[in-house]
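**Student:** Sequence below, structure please.
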Amino acid sequence: MAQVSTVRLSSRRSICAAVLTLLLCAQSGLGFSIAGQQENTCEDNGSVYYVGEWYFQESDHCTQCECTDEGSVCARTECTSLPAACIHVSHYPTDCCPRCEKIGCEYRGVVYELGQTFQPSECEQCTCDSDGIARCLVADCAPPPCVNPSYQPGKCCPECLEGPNCYVDGSRSQVIPAGEPVWVDSCTKCRCHDGQDAGYWEGNRLATCSRLKNCTPEQTPVQQR
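**Tutor:** Numbering: from 1, shown residues only. From the prediction side, this is the model:
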């Protein structure tokens, strides 16, 4: 009977030694764990992360977190401002911040490089500034000295192909050349402005006319000096 008790005692000592070894190994971090013991983890939006693991929040790719013993510690990335001259911006689903794909100036649907000088029309001279704005100078054309100016290809300002002229009166049915007085009928003499009058061609393109006294159109006019 004493021998049986000795065997049982030795077996119990072996079991206790094994359990103690497992506990010491678990505490020393050798990779062993006790059944039923839960390792420290963090849970975010249904996903589980281990202590020391970094991750981005699924709902916000600008927020990065680290799983710690106290829980998730997060910090949000602040996006830098895009260049003022950015005219093409892309925002990819997996990126935090938008990307500038193209810088320059867009003017009337056409893209120009920074610093580029261009002429969108005969009367405009433009430059693409560093801030992405097209700054243009527009030619200041003098009023043409005629009532029927025409625009020629490649030229900004209209030209008087038939020479300076004006209307005889407000009906605008008759046009006379400028330079010399013109008898428009047997009693009426008209002359276009000579260009020195105040308000020349500022909306008033009518001749100055004088009519002989006691004259009817059937009579022969007397030339006046």
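**Student:** Check this structure for its longest strand and report it.
**Tutor:** Within the chain, and with DSSP state E defining each element, the longest strand by residue count is strand 60-68.
**Student:** And that strand, what's buried?
**Tutor:** Of all the residues in strand 60-68, those buried under the rule 16 or more other C-beta atoms under 10 Å are 63, 64, 65, 66, 67. All C-beta spots, glycine's among them, are computed from the backbone N, C-alpha and C.
**Student:** what's the offset of it from the middle of its chain?
**Tutor:** Centroid separation between strand 60-68 and its chain, computed with C-alpha atoms, centre = their mean, to the nearest Å, is 33 Å.
**Student:** cool, and stretch 70-79?
**Tutor:** With C-alpha atoms, centre = their mean as the basis, the mean position of stretch 70-79 lies at 33 Å from the chain mean.
**Student:** again with stretch 108-116
**Tutor:** A distance of 11 Å separates the centroid of the chain from that of stretch 108-116, by C-alpha atoms, centre = their mean.
**Student:** How about residues contacting that stretch?
**Tutor:** The set of residues external to stretch 108-116 that reach it, using C-beta atoms under 8 Å, 6 or more residues apart in numbering, is 85, 87, 102-106, 118, 120, 126-130, 132, 134.
**Student:** Can you say which of those are buried?
**Tutor:** With burial judged by 16+ other C-beta under 10 Å, the buried subset of the contacts of stretch 108-116 is 85, 103, 104, 105, 118, 126, 127, 128, 132, 134.
**Student:** Closest one to residue 217 out of those residues, please.
**Tutor:** Comparing the buried ones among the contacts of stretch 108-116 against residue 217 with C-beta to C-beta places residue 126 closest, at 56.3 Å.
**Student:** Tell me if the closest one really is in a strand.
**Tutor:** Yes - the assignment for residue 126 is a strand, going by DSSP: H, G, I helix; E, B strand; the rest coil.
**Student:** measure it to residue 120 for me?
**Tutor:** Summarising the geometry, the distance separating residue 126 from residue 120, computed by C-beta to C-beta, to the nearest Å, is 6 Å.
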